[in-house]
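>>> Pasting a predicted model and its sequence here:
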Amino acid sequence: MSKTVITYGTFDMFHIGHLRLLRRLAELGDRLIVAVSTEEFNAEKGKKTLIPYDQRTEIIRAIRYVDEVIPEHSWEQKLDDVRRYDVSIFAIGEDWKGRFDFLKPYCDVIYLPRTEGISSTELKRSLNRFSSISREDLLHACEVLEALRKDFA
């Protein structure tokens, strides 16, 4: 009997942690469905994405581990999706541990460990810190680095 796995995510600023998660999910079954959060749903969650929905879905569709991409419109759709797609396994990152246990009567629920040292949230924080540095400070830092390079060359 074939096993369908489903997961959900925003997948903004796609990184190696996302890729490793999708690979692990694909290894759990025969078919992987990925629901990508729409702009409207992200707004409801108070989340703002850098990459538009259409581009995020195009990236996810291009990954060989993924068999189907669907939109995620709401929290409530998960049970409907499990039934509609005959899902055997609902899997998501361990940062959501316990949140989707209500699906256990309908399918296996698995919370997978995150990739150590990387997250979209951290990438966005780094980008915000970097973008808040003034042009003058960046130029000064480049001058200092160039002087150090010359000193140690």
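Sure thing, it's come through.
>>> Could you pull up phi and psi at the residue nearest to residue 2 when sequence neighbours are not counted?
Computed as Cβ to Cβ, 6 or more residues apart in numbering, the closest residue to residue 2 that is not its neighbour in sequence is residue 30, at 4.2 Å. Just so you know, the C-beta spots here come from the backbone N, C-alpha and C atoms, and that holds for glycine as well. The main-chain torsion angles of residue 30 are listed as degrees, to the nearest 10 and equal phi -100, psi -20.
>>> need the contact list for residue 74.
If a contact means Cβ atoms under 8 Å, 6 or more residues apart in numbering, then residue 74 has 41, 44 as its contacts.
>>> Tell me if it really is in a helix.
No. Read with DSSP: H, G, I helix; E, B strand; the rest coil, residue 74 is coil and lies in no helix.
>>> can you list the domain ranges for the protein.
The chain is divided into the following domains under automatic domain parsing: 4-117, 119-153.
>>> what mean pLDDT does the shortest one have?
What that stands for is domain 119-153. In this model, domain 119-153 has an average pLDDT of 63.
>>> sorry, back to before: comparing the domains of the chain, which yields the minimum mean pLDDT?
Comparing the domains of the chain by mean pLDDT, the weakest confidence falls on domain 119-153, with a mean of 63.
>>> Can you list the buried residues in stretch 97-107?
Counting neighbours by 16 or more other Cβ atoms under 10 Å, one finds that the buried residues in stretch 97-107 are 100, 103, 107.
>>> Likewise for stretch 76-88?
In terms of neighbour count (16+ other Cβ under 10 Å), stretch 76-88 has its buried residues at 77, 78, 79, 81, 82, 85, 87, 88.
>>> got CSV for those residues, with secondary structure and distance to residue 42 too?
Formatted as CSV, the entries for the buried residues of stretch 76-88 read as follows, by DSSP: H, G, I helix; E, B strand; the rest coil; distance: Cβ to Cβ, whole Å:
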residue, secondary structure, distance to residue 42
77, helix, 14
78, helix, 16
79, helix, 21
81, helix, 18
82, helix, 22
85, coil, 22
87, coil, 23
88, coil, 28
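>>> Kindly indicate which of those residues lies nearest residue 68.
The nearest member of the buried residues of stretch 76-88 to residue 68, counting by Cβ to Cβ, is residue 85 at 8.1 Å.
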